[in-house]
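Visitor: The amino acid sequence is not available; the structure is as follows:
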């Protein structure tokens, strides 16, 4: 693998982990990272997050934007669906999807992308004894 490609993937993974940590801190749930780099040429990874209601979706999105700006000095290239049941942030290398539970089930991105690798987001385990 080319050295610059490895560096680019590592940078995308760090960006993804920063966004995931921010979502987790705002009580986003079912947070998953998917490596779509071998399938899509327009982005390297998806971050998929659920939130309980419109207000929490907004809080998660705002936290992700703030943390990515602070840590990586990056702002989204595009933001779709402010409020509502699904908000998308496009950072280029990663695309963040924050869904209500109903919309996440309806669009089922994990099912559509079931053949791509899951990325270890290095989030703390939730309060279970698993």
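Guide: Cool, got the structure. Because the structure is predicted, anything quoted here is derived from the model rather than measured.

Visitor: isn't there a helix covering residue 12?
Guide: Yes. Counting by DSSP: H, G, I helix; E, B strand; the rest coil, residue 12 is located in a helix.

Visitor: Wait, it touches residue 46, no?
Guide: No. The criterion here is C-beta atoms under 8 Å, and residue 12 misses it with residue 46 at 10.9 Å. No exception for glycine: its C-beta is placed from N, CA and C like everyone else's.

Visitor: Quickly list what's touching both of these two.
Guide: Common neighbours of residue 12 and residue 46, counting by C-beta atoms under 8 Å, 6 or more residues apart in numbering, are residue 94.

Visitor: Quick check: the gap between residue 67 and residue 91.
Guide: 12 Å (C-beta to C-beta, to the nearest Å).

Visitor: got it, and residue 60?
Guide: Separation of residue 60 from residue 91 (C-beta to C-beta) stands at 15 Å.
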